[in-house]
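Engineer: When you get a sec, could you give me coordinates for this:
(chains A and B)
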Amino acid sequence: MSRQGLAIWINGLPGSGKTALAQALEEKLLERGLNAERVDADELVARWLPGLSCSLSEWEGVIRLVGHICMLLARNGVVAVGAAVTPSEDLAAELRALIGRFVEVALRCPPEICRSRDTSGLYEKFSSSVLEGPDRFSEAWTGSPGAEVVLETDKESLQACCEKVLRTLEILGYIPESHGGEYTEEDEAKISKRLKDLGYL
Amino acid sequence: MKKRKVLIIGLDCATPQFVFDQFLPDLPTLKALMGRGFWGPLRSTDPPITIPAWASMTTSKDPGQLGFYGFRNRKDHSYDALYFANALAVKEATIWNILSRNRLESVLVGVPQTYPPKPLRGHMVTGFLAPDTQSNYTYPEELKGEVEKVTGGYIIDVKDFRTENKKWLIEQIYEMTEKRFKLIRHFLVTKPWDFFMFVEMGPDRVHHGFWRYCDTGHRLYEPGNPYEHVVREYYAYVDKKIGEILSAVDLRETVVFVVSDHGAKRMEGGICINEWLQREGYLTLKEQPQGIARFKMDMVDWGRTKVWGEGGYYSRLFFNVQGREPQGLIPQGDYEKTRSELIEKLEALGDEQGVPIGTVVHRPQDLYRTCNNIAPDLIVYFGNLTWRSVGSVGTGAIHTFENDTGPDDANHDYHGIFIMADPDLPESLRGSSLDGVSIYDIAPTALRRVGLEPPRDMLGKVISAPGGGS
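Structural biologist: Presented below is the predicted three-dimensional model:
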C-alpha cells in the first residue's frame, strides 16, 4: 500500500537533543513498518563539508539543502526526519511551503545545558549570527509560528519526547495508530469463554 | 557467518518424547531437519504456558520483565480488576520489531499474543486472542481479505473445545491446520520476507483433547478405542504439511527452526485450590454455593480471607495484604512467614490416598530478574505439573478427576522442542543434540542469523555447539 510521505523537522540549539530525537524517531517509525530516513544537518556537514565556516548565509544554504533532500524523500512516500539548527522563522516557513506535509518539532533547552552537552564543538563552529538574534532560541522561543510540537528536553525523557511526536503524527493523520483497539466487553466475554474451554483459566 | 533468512515453525505444545522418540519414525521431515542442524529439549518459561512463553521466546525476556504471568493478570491490587495479556501488554522489543528497525521484512501467522495487530515492516495474521474473524486480525488491515480468500474462511481456533464429540473435534483441528498451512505456503511465495514465523496451535489442542485415548498409562485409557492413534497421526500430518511448505523455501539460504513453547504430559487430576484454602483456613466465602460453582471475587468474605487461588494448568495464589489490598488481612510483617507456611503445606499435599504428589511452589522473586506489574504471590505446580489447578468451589473435595470446564487429559511440561537446521553448520556438527537450550535463546540466535547483533539486554545466548562451534 503506497503511503504519503512527510517531513518531521527538528529544530533547536546545538546540544538540545535533535540528533538523539531524530534517531529515536527514525527507529520507532521503521518499527511501525514505515519508510523513514534521517537527514541530520550536523552529520551532513561533518561528513561532507568539514571546512564550512557556518556563517549565517552558509548555514542557511545547508538548511535549504537538507530541506530539499527531505522534500525529495517525502514526495516518494518516505517519512523524512530532518534535524537542524534553523536560524529563522522565515526559513522554516520556506521549508514548510516547499515540502507541504511538514511537522516542526521545536526543542527548548537552556543554552547553558546545551553547551554542556555539546561534545562536537558546534557552539564554537556556529557564528553568533546563526545562534543569536531576536527570533533565535531565546528563553521564550517556542519554534516557528505553527510549530506542531514543543518539547522541553531538559525536563522530558527521550522516550517521552518521542512518544509525544508520534502521537501528534497520529492525531494529524500522518501515520496510522500504533495498534488496534482494546477489547470491548463482548470481545472479553468471547476470549474468556475460549480460554476457559481450552483449560487455560 | 553468512546472513540468512530465518523461518521459525512454531508447534504449540509439541513435546520432546513424541517428536524425538516415540513418533520420530513417522516424522521424516522433522527427522531430516534434525539431521541438518541442532536439536533437543527447549526449557520453557516459568510458568510453561502459551502466554507468557511465546512472548518470552520472541523478546528473550522473562515473564517478570514482561510483566505478565499468564493469560489473565491483575491490573492493580483491587480484587477484581483483571486484564487479558494480549499484544498491548508486550512492551519489550520482539524479533520483528528489531528487524523492522533494520529495514528487514517479517511475516507472522498465528503467533500468540499478537492481537490486536501492531504495525510492522511486513505482514501479520494475529493469533488466537483475536475475538473472531469479524475483528481486525491482520496487519495491514486489508490483508484480511486475502487471508479469507486463500483459506476459504480462516479458523482462528477450534470452537467448543469441551465437546464430547471427539470426531467433530479432531475434524475441526485438522481443518484449522490445513487452512493455516495453506495460508503459510501462499505467504511464503507471495510476500517478501527476511523473517517468517508461524505458530500452529493444533498439537496443543490434540494433546488436551485426546491424551487419554493414546497414553496407556492414563487412568481413562481403554485399549482399542477409536482414537488410539489420533495424536500420532496428527503429528505425522503436521510433519507432512511442514514438508509441503519447505518445498517453497530455499534451504540453502534459510535457517529453519522448529520450536514449541512447552511440552505435555499425562494429567492425573485436578486440585481444587480454593476448596483446599478454605479447608486450611485461608479463604472464607460469604456463603457456601449450592453445588459446584465457578469461583468469583464477589463470593469472598474479604475480612476473613488471607489467600485466594486461580485455576489453570498451574495455580497462582494471591495474598490479601494489609496496606496493599483494600481489605487486607495479612500484616505486612507476616507476609514472608505466610508464604513459607503455604509453601510447606502445599509441597506436602497428597493425592486422594494421601500420597504426596510432589508439588513444587515458587516465589516469583526467585524466578525472575524483576517482577513488573502485579506478580502472583506464589506460583504452584501441583504434582510438578501432573495435576492441574481447579478454581471452582462447592466441589466438596480437594481432588477432582474432571476439570471444572469439562474433560482435559494432559497438562503442560517444562520442556518443549527446538530444531535448528542451518545451511552454514559444518557437516561434523549436523545432527547434534544439545542440552541446556532455553526458550530465551531463540530470539538472539534468530537475530544473529539474519545478520543483526542481538541487544545486550536479551536474556538468552546464541545457540552453538559445546565448545562454541556454530
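
Engineer: pLDDT below threshold where in chain A?
Structural biologist: Applying pLDDT under 70 to chain A flags the ranges A:1-2, A:127-130, A:133-142.

Engineer: oh, I was asking about chain B
Structural biologist: B:402-407, B:467-470.

Engineer: B:Trp54 contacts B:Val111, correct?
Structural biologist: Yes. With contact defined as C-beta atoms under 8 Å, B:Trp54 reaches B:Val111; the gap is 6.3 Å. Glycine gets a C-beta too; all of them are placed from N, C-alpha and C.

Engineer: Tell me how many other residues surround B:Gly460.
Structural biologist: Using other C-beta atoms under 10 Å in any protein chain shown, B:Gly460 has 20 neighbouring residues.

Engineer: what kind of secondary structure is the closest residue to it other than its chain neighbours in?
Structural biologist: Spatial nearest neighbour of B:Gly460, chain neighbours left out: B:Tyr440 (3.3 Å); criterion: C-beta to C-beta, 6 or more residues apart in numbering or on different chains. Per DSSP: H, G, I helix; E, B strand; the rest coil, the local secondary structure of B:Tyr440 is helix.

Engineer: From B:Ile374, how far off is B:Met299?
Structural biologist: 21 Å (C-beta to C-beta, to the nearest Å).

Engineer: Spell out which parts of chain A neighbour chain B.
Structural biologist: Neighbours of chain B within chain A, by C-beta under 8 Å from any C-beta of the partner chain: A:1, A:27, A:30-34, A:176, A:178-183, A:186-188, A:190-192, A:194-201.

Engineer: Now which of these would you call buried?
Structural biologist: Among the residues of chain A next to chain B, those classed as buried by 16 or more other C-beta atoms under 10 Å in any protein chain shown are A:27, A:30-34, A:176, A:179-180, A:183, A:187, A:190-192, A:194-201.

Engineer: On the three-state scheme, whatever residue of chain A ends up closest to chain B is what?
Structural biologist: For chain A, the residue closest to chain B is A:Gly180, as judged by C-beta to the nearest C-beta, at 2.8 Å. A:Gly180 falls in the coil class when you classify it by three-state DSSP.

Engineer: Now do the end-to-end distance for stretch B:434-443.
Structural biologist: 17 Å (C-alpha to C-alpha, to the nearest Å).

Engineer: residue contacts, the residue in the stretch 151-300 of chain B that chain A sits nearest to?
Structural biologist: Nearest residue of the stretch 151-300 of chain B to chain A (C-beta to the nearest C-beta) works out as B:Phe161 at 4.5 Å. Counting by C-beta atoms under 8 Å, 6 or more residues apart in numbering or on different chains, B:Phe161 touches A:Asp197, A:Leu198, B:Leu169, B:Arg205, B:His208, B:Gly209, B:Gly406.

Engineer: ok, it to B:Ile173 distance?
Structural biologist: B:Phe161 is 9 Å from B:Ile173, where distance means C-beta to C-beta.

Engineer: Spit out the residues that contact these two alike.
Structural biologist: B:Arg205, B:Gly209.

Engineer: Tell me the one of the contacts of B:Phe161 nearest B:Leu66?
Structural biologist: Among these, A:Leu198 lies closest to B:Leu66 (C-beta to C-beta), at 21.1 Å.

Engineer: Surely the residue of chain A closest to chain B is in contact with B:Pro140?
Structural biologist: No. In this structure, A:Gly180 is not within contact of B:Pro140 by C-beta under 8 Å, at 11.5 Å.

Engineer: and the longest helix anywhere in chain A, what does it pack onto?
Structural biologist: Criterion DSSP state H: the longest helix present in chain A is helix A:56-75. With contacts defined as 3 or more C-beta pairs under 8 Å, 6 or more residues apart in numbering or on different chains; DSSP states H and E, helix A:56-75 has these neighbours: strand A:6-12, strand A:36-40, helix A:41-48, strand A:79-84, helix A:89-99, helix A:128-131.

Engineer: Give me the contacts around the second one.
Structural biologist: The one in question is strand A:36-40. A:18-19, A:22-23, A:25-26, A:29-30, A:66, A:69-70, A:73, A:78-84.

Engineer: partner residues bridging B:Gly10?
Structural biologist: With DSSP bridges as the criterion, B:Gly10 is bridged to B:Val199, B:Val259.

Engineer: Please report the distance of it from chain A.
Structural biologist: 17 Å (C-beta to the nearest C-beta, to the nearest Å).

Engineer: Can you get me a residue count around that residue?
Structural biologist: Neighbour number of B:Gly10 under other C-beta under 10 Å is 27.

Engineer: Pull the contacting residues for it.
Structural biologist: Applying C-beta under 8 Å, 6+ apart to B:Gly10 gives the contacts B:Trp54, B:Gly110, B:Val111, B:Met197, B:Phe198, B:Val199, B:Glu200, B:Val259, B:Ser260, B:Asp261.

Engineer: Look up how far B:Asn384 lies from the third one.
Structural biologist: Relative to B:Asn384, B:Val111 is positioned 29 Å away (C-beta to C-beta).

Engineer: quick one: which of those two has more around it?
Structural biologist: Per other C-beta under 10 Å, whichever of B:Val111 and B:Asn384 has more neighbours is B:Val111, with 24 against 14.

Engineer: Torsion angles phi and psi at the residue most central in space within chain B?
Structural biologist: Closest residue to the average C-alpha location of chain B: B:Thr50 at 1.8 Å, with C-alpha atoms, centre = their mean. When quoted as degrees, to the nearest 10, the phi and psi of B:Thr50 stand at phi -40, psi -50.

Engineer: Skipping adjacent residues, who's closest to it in space?
Structural biologist: In space, B:Thr50 comes closest to B:Pro112 once its chain neighbours are excluded; the distance is 5.3 Å by C-beta to C-beta, 6+ apart.

Engineer: Over to B:Val307?
Structural biologist: Nearest to B:Val307 is B:Tyr282, by C-beta to C-beta, 6+ apart, at 4.1 Å.

Engineer: again with B:Cys371
Structural biologist: The shortest distance from B:Cys371 to any non-neighbouring residue, by C-beta to C-beta, 6+ apart, is to B:Gly64 (4.5 Å).

Engineer: do the same with B:Glu325
Structural biologist: Residue nearest to B:Glu325 in three dimensions, not counting chain neighbours: B:His77, with 5.3 Å by C-beta to C-beta, 6+ apart.

Engineer: quick one: contacts for the residue of chain A closest to chain B?
Structural biologist: Going by C-beta under 8 Å, 6+ apart, A:Gly180 touches B:Tyr115, B:Pro116, B:Pro117, B:Lys118, B:Asn136.

Engineer: switch to 10 Å and redo it
Structural biologist: Neighbour list for A:Gly180: B:86-88, B:115-119, B:126, B:130, B:135-137, B:139, B:141 [criterion: C-beta atoms under 10 Å, 6 or more residues apart in numbering or on different chains].

Engineer: Out of those residues, flag the one nearest to B:His412.
Structural biologist: Of all those, B:Asn86 has the smallest distance to B:His412: 20.3 Å, by C-beta to C-beta.

Engineer: Would you confirm that the closest one contacts B:Thr114?
Structural biologist: Yes. Using C-beta atoms under 10 Å, B:Asn86 makes contact with B:Thr114 at a distance of 8.3 Å.

Engineer: what sits in contact with each of those two?
Structural biologist: What both B:Asn86 and B:Thr114 touch, as defined by C-beta under 10 Å, 6+ apart, is the set B:Thr126, B:Gly127, B:Leu129, B:Ala130.
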